[in-house]
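Asker: Return atomic coordinates for the entry below.
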Amino acid sequence: ATLSAFLAYLAAAEDEERGLSPGEVEVVEGAVQVLTAHAAKGLEWDVVAVAGLTRGVWPGLVRNSDHWLGGLGVLPFPLRGDADGLPRLDLTEVTDQRGVARALTDFTDDWRGHDEREERRLAYVAVTRPRRLLLCSGYWWGEGTKQARGPSVFLREVHDACLDGGPGHLVDVWASEPAPDAVNPTTEVVLRAEWPADPLGAR
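Answerer: Next up is the predicted model:
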């Protein structure tokens, strides 16, 4: 179908059926399922691996463009249905530019705190899905990064809880921080492949 036909389908679904029903995820026993923490709400598996608990990845970096004063495509908070739970920009008592700057700084700080709380709620969903075994991981080096990233605050909290010695809590591997002048190893390894592949290989 064309793009216009697809958009017309979505518009009809919104007008006639109150939108499309969200896709439902079913737990498939004996299979590996890859899904987001949002999609995992309310479900359980025997083993759950939560990857990407890395600084700047999860929780992600909060940018000023994420809120309505800095992002062109962001709906102003007072117009949103969840406005009561979002930070407010209060300019009622402001009388000068310094006051405006202070109010903007306070608003941005409140937004960062709100965003981290939301990411923490999502992390809680992720780490409470397993019946038997939870595996958490992060990494120092991301593809194409020049600076080492390291564990996020969430992974450090899991690490510290494991070190407290609860039953079954284990830190299997904890890589030490790279030296300040260390180079991202993914930039030094260039993967090559030939196509078509030689079916005899090195034989």
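Asker: OK, contacts around the spatially most central residue of the chain?
Answerer: In the chain, the C-alpha closest to the average C-alpha coordinate belongs to Trp58, at a distance of 4.4 Å (C-alpha atoms, centre = their mean). Residues in contact with Trp58, defined by C-beta atoms under 8 Å, 6 or more residues apart in numbering, are 52, 119, 123, 152, 154. Where you see a C-beta, it was placed from the backbone N, CA and C, and this is true even at glycine.
Asker: Give me the mean pLDDT for stretch 98-112.
Answerer: Confidence for stretch 98-112, expressed as mean pLDDT, is 89.
Asker: meant to ask about stretch 45-60, not that
Answerer: Throughout stretch 45-60, pLDDT has a mean value of 90.
Asker: Quote the end-to-end distance of that stretch.
Answerer: Start-to-end span of stretch 45-60 (C-alpha to C-alpha, to the nearest Å) is 26 Å.
Asker: immediately after the lowest-mean-pLDDT helix or strand in the chain, which helix or strand?
Answerer: One helix or strand of the chain scores below all others by mean pLDDT, DSSP states H and E: helix 3-17, with a mean of 81. Next along the chain after helix 3-17, taking DSSP states H and E as the criterion, comes strand 45-50.
Asker: Can you mark which positions in that following strand are buried?
Answerer: Applying a neighbour-count criterion of 16 or more other C-beta atoms under 10 Å, the buried positions in strand 45-50 are 45, 48, 50.
Asker: I'd like those residues laid out as TSV, including distance to Val171.
Answerer: Converted to TSV, these look like this (distance: C-beta to C-beta, whole Å):
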residue	distance to Val171
Trp45	22
Val48	17
Val50	15
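Asker: Going by residue numbers, what spans are helices in this structure?
Answerer: Per DSSP state H, the chain carries helices over the ranges 3-17, 97-127, 153-163.
Asker: returning to what we had before: nearest to Leu3 among the buried residues of strand 45-50?
Answerer: For those, the residue nearest Leu3 by C-beta to C-beta is Val50; the value is 36.0 Å.
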